[in-house]
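Novice: coords please:
(chains A and B)
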Amino acid sequence: MEKLMEIKHVGYSYHTMQGETPALHNINFTVHKGDFLAVVGPSGCGKSTLLSLLAGLIEPEHGSILLYGQKLFQKSGGTIGYMLQHDHLLEWRTIEKNVLLGLEIQNKLTPAAKERVLDMLKTYGLYKFKDARPSQLSGGMRQRAALIRTLALEPEILLLDEPFSALDYQTRLTVGDDIGSIIKKEQKTAILVTHDLSEAVSLGNQVLVLSKRPATLKNVVDISFPQNTSPLERRNLPEFKDYFNQIWKELNDNE
Amino acid sequence: MSEISLAQQKFLLAQKKHRRTVAASRLCIFVLFLTIWECAARMNLIDSFFFSSPSDVILCAYNMLLDHTLFTHVGVTLFETISSFVLVTILALLTTIILWLNRKISETLEPYLVILNSLPKSALAPLLIVWLGADYNTVIITGISVAVFGSILSLYTSFQSVDPEKIKLIKTLGGKKHHILTKVVLPANIPALFAVMKVNIGLCLVGVIIGEFISSRQGLGYLIIYGSQVFKLDWVIMSIVILCLLAWGLYSLLSHLENRYLKRMS
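Specialist: Numbering: from 1, shown residues only, chains lettered A, B, ... in the order given. The predicted model follows:
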């Protein structure tokens, strides 16, 4: 498979007047096209920092991040899509205006691009809400709109920062299933950060286990399920609990 | 809609009755006040030379309306108030944007803004007159000086309180600082801007009246000061009544605009 992104010896610390807090230490991994990586780790271990680095929002202090073999920082220009923890749909915009926000900012709002995004709204059942305000949508629909907003820029890699954590449990399962299949259908590469192990196992094809802060990459667990099983179906397969237990053990090792 | 249940009907009726009682009570206070005032003046319980009376005030307004002086005074005050209000709004918004764009500038200027805001601005008025001369420009600037510093401070605070995650969203979409400003910070702060404007319209009126007290030959502030000096208290009281109406009218206009904006947003 084609190498999309390489993370080499990446380290990062936060600086305040009170001192320095190391967040990540010597992280190495490679993202291939079509991968769905899930990153798990104890809370506050620097998972979100990792995503900010991958998104090019902050620059690594040590090491480098390469996208197609080129240094990433400051050139992400739409190739990397980032989905935040909350949908952050802007209340003063309609759903249509919200999903077009990225194109508007990047000056790519051509009639063809708009058509494509409106088609996505149709495919994912939001078209009839295109003139509605975000507050009129359910949590799951809002999250779907947020995903379409991210996909509108046609990113090579999607970064998902616990995008389901703000939803209630039932919605969370269906939306996870939903978003997982959208990403598969659009044939995107994705990196998901989560503290929910079952989410990681049911969505990912690789699970990256991080240690406590300063986070190092403890282990990479390859996940394989029979072809074409949805995230919800995966939860019922016998392999699921084996993977779950394996990762659980990894996380709670040497504590 | 299906038919309304009995309990709901009862609730609606009670609400309606409540609203009517409040409206009627308000009107009652107003009418009662005018009646007592008028009767007391007529029965010589109060000296109408000092306290005037509703009929004298109306008569005075009518006469001044006939010789067009009323129109001039009200017009001048209204013009000065609206000018300083518009200028304050523009000035405060622009300054806040500059402060928001540059943390060095905002941190440097913060103590000065705080001091200028707590300073009683009426103390500045005499100085302004000496510097700028006694004309309507000075009055407008007095109006601005009363409202502008507070507006900058409160707008800046609400600019700062925009959800940092929303700013991150714009960055993840590849947006630069001006995108953050135009796509998130400004639209998120329109309600705050309305709140500031509603405070400002009153403050500008205060500033304009202070300005007219000491430097003007026209306007309601002038009429109040002049009237009190020559014991034409009809003028003074009439001016105060008109000021009440002006303040109420301007405030309602802004409230109306705000409601229209809120309605459009939902």
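Novice: the closest residue to chain B within chain A in helix, strand or coil?
Specialist: With C-beta to the nearest C-beta as the measure, residue A:82 is the residue of chain A nearest to chain B, at 3.6 Å. All C-beta atoms are positioned from the backbone trio N, CA, C, and that covers glycine. State at residue A:82, reduced to three classes by DSSP: H, G, I helix; E, B strand; the rest coil: strand.
Novice: in contact with it, which residues?
Specialist: Contacts here follow C-beta atoms under 8 Å, 6 or more residues apart in numbering or on different chains; on that basis residue A:82 touches A:51, A:55, A:57, A:150, A:158-159, A:161, B:172.
Novice: now with 6 Å, please.
Specialist: A:55, A:159, B:172 (C-beta atoms under 6 Å, 6 or more residues apart in numbering or on different chains).
Novice: quick one: the residue in the stretch 51-200 of chain B that chain A sits nearest to from residue A:155, how far?
Specialist: Residue nearest to chain A within the stretch 51-200 of chain B (C-beta to the nearest C-beta): residue B:172, separated by 3.6 Å. When distance is defined by C-beta to C-beta, to the nearest Å, residue B:172 is 10 Å away from residue A:155.
Novice: compare the two (neighbour count), which wins?
Specialist: Per other C-beta atoms under 10 Å in any protein chain shown, whichever of residue B:172 and residue A:155 has more neighbours is residue B:172, with 26 against 23.
Novice: which positions in the stretch 101-250 of chain A make contact with chain B?
Specialist: Within the stretch 101-250 of chain A, the residues that sit near chain B (C-beta under 6 Å from any C-beta of the partner chain) are A:102, A:105-106.
Novice: any weak-confidence spans in the chain?
Specialist: Unless you meant another one, I'm taking chain A. Flagging of chain A using pLDDT under 70 yields the residue ranges A:73-78, A:254-255.
Novice: you answered for a different chain; I wanted chain B.
Specialist: Looking along chain B with the criterion set at pLDDT under 70, you get B:1-2.
Novice: now do the longest helix belonging to it: distance to the chain's middle.
Specialist: When chain B is parsed with DSSP state H, its longest helix is helix B:6-42. Centroid displacement of helix B:6-42 relative to its chain, using C-alpha atoms, centre = their mean, to the nearest Å, is 27 Å.
Novice: name the helix or strand for residue 50, please.
Specialist: Since no chain was named, I'll use chain A. helix A:47-54 (DSSP states H and E).
Novice: could you do chain B instead?
Specialist: Judged by DSSP H and E, residue B:50 forms part of helix B:48-51.
Novice: show me what that helix is packed against.
Specialist: Using 3 or more C-beta pairs under 6 Å, 6 or more residues apart in numbering or on different chains; DSSP states H and E as the contact test, no helix or strand touches helix B:48-51.
Novice: give me the distance from it to the chain's centre.
Specialist: Using C-alpha atoms, centre = their mean, the offset of helix B:48-51 from its chain centre is 30 Å.
Novice: need the contact partners of it.
Specialist: Contacts of helix B:48-51 (C-beta under 6 Å, 6+ apart): B:41, B:233.
Novice: mind listing what's buried in that helix?
Specialist: By neighbour count on 16 or more other C-beta atoms under 10 Å in any protein chain shown, the buried set for helix B:48-51 is residue B:48.
Novice: cool, stretch A:60-73 as well?
Specialist: By 16+ other C-beta under 10 Å, the buried positions in stretch A:60-73 come out as A:60, A:63, A:65, A:67, A:72.
Novice: can I get the next helix-or-strand element following the helix holding residue B:50 in PDB, CA atoms only?
Specialist: Downstream of helix B:48-51, the next assigned helix or strand under DSSP H and E is helix B:54-66. The C-alpha trace of helix B:54-66 is given here as PDB (Å, rounded to 0.1, in the frame of the first residue of the first chain):
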ATOM      1  CA  PRO B  54     -49.200  69.300  33.100                       C
ATOM      2  CA  SER B  55     -51.400  71.900  31.400                       C
ATOM      3  CA  ASP B  56     -48.700  74.600  31.600                       C
ATOM      4  CA  VAL B  57     -46.200  72.200  30.200                       C
ATOM      5  CA  ILE B  58     -48.500  71.300  27.300                       C
ATOM      6  CA  LEU B  59     -49.300  74.900  26.700                       C
ATOM      7  CA  CYS B  60     -45.600  75.800  26.700                       C
ATOM      8  CA  ALA B  61     -44.900  73.000  24.300                       C
ATOM      9  CA  TYR B  62     -47.700  74.200  22.000                       C
ATOM     10  CA  ASN B  63     -46.500  77.700  21.900                       C
ATOM     11  CA  MET B  64     -42.900  76.700  21.200                       C
ATOM     12  CA  LEU B  65     -44.200  74.400  18.500                       C
ATOM     13  CA  LEU B  66     -46.000  77.400  16.900                       C
END
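Novice: after helix B:54-66 comes which helix or strand?
Specialist: Remark: after helix B:54-66, the chain's next helix or strand is helix B:69-101, criterion DSSP H and E.
Novice: report all helices and strands that that following helix contacts.
Specialist: Using 3+ C-beta pairs under 6 Å, 6+ apart, the elements in contact with helix B:69-101 are helix B:136-160, helix B:190-215, helix B:220-229.
Novice: list the buried ones in the helix or strand just after the shortest one?
Specialist: As assigned by DSSP H and E, the chain's next helix or strand after helix B:220-229 is helix B:233-264. By neighbour count, with 16+ other C-beta under 10 Å as the criterion, the buried positions of helix B:233-264 are B:233-239, B:242-243, B:246, B:250-251, B:254, B:258.
Novice: report the buried residues of stretch B:92-110.
Specialist: B:92-93, B:95-97, B:99-100, B:106, B:109.
Novice: ok, residue A:15 to residue B:51 distance?
Specialist: When residue A:15 is compared with residue B:51 (using C-beta to C-beta), they lie 70 Å apart.
Novice: now do residue A:4
Specialist: Using C-beta to C-beta, residue A:4 is found at 86 Å from residue B:51.
Novice: ok, now residue B:248?
Specialist: 23 Å.
Novice: excluding residues flanking it in the chain, which one is nearest residue B:172?
Specialist: Distances taken as C-beta to C-beta, 6 or more residues apart in numbering or on different chains place residue A:82 nearest to residue B:172, at 3.6 Å, with adjacent residues excluded.
Novice: do the same with residue B:218
Specialist: Per C-beta to C-beta, 6+ apart, closest to residue B:218 is residue B:76, 4.5 Å.
Novice: and residue B:117, how many neighbours?
Specialist: By other C-beta under 10 Å, the residues close to residue B:117 number 15.
Novice: tell me, how many neighbours does the residue lying closest to residue B:46 once chain neighbours are set aside end up with?
Specialist: Counting by C-beta to C-beta, 6+ apart, residue B:40 is the residue found nearest to residue B:46 once chain neighbours are left out, at 4.8 Å. Using other C-beta under 10 Å, residue B:40 has 15 neighbouring residues.
Novice: pretty sure residue A:220 is in a strand, no?
Specialist: Yes. Per three-state DSSP, residue A:220 lies within a strand segment.
Novice: give me the neighbour count for it.
Specialist: Neighbour count for residue A:220, taken as other C-beta under 10 Å: 13.
Novice: what's the answer for the one 10 residues further on, then?
Specialist: Other residues near residue A:230 number 16, with proximity taken as other C-beta under 10 Å.
Novice: and the nearest residue to it once chain neighbours are set aside, what element?
Specialist: Using C-beta to C-beta, 6+ apart and skipping the chain neighbours, the partner closest in space to residue A:230 is residue A:177 (5.7 Å). In the assignment (DSSP H and E), residue A:177 maps to helix A:169-185.
Novice: can you check residue A:4 too?
Specialist: Here residue A:4 is assigned to strand A:3-16, by DSSP H and E.
Novice: for residue A:64, same thing?
Specialist: Per DSSP H and E: strand A:62-67 holds residue A:64.
Novice: elements contacting that strand?
Specialist: Under the contact rule (3+ C-beta pairs under 6 Å, 6+ apart), strand A:62-67 is packed against strand A:3-16.
Novice: how about the following helix or strand past the strand it packs on: buried residues?
Specialist: For strand A:3-16, the following helix or strand on the C-terminal side (DSSP H and E) is strand A:19-32. The neighbour-count check on strand A:19-32 (16+ other C-beta under 10 Å) flags A:23-25, A:27, A:29, A:31 as buried.
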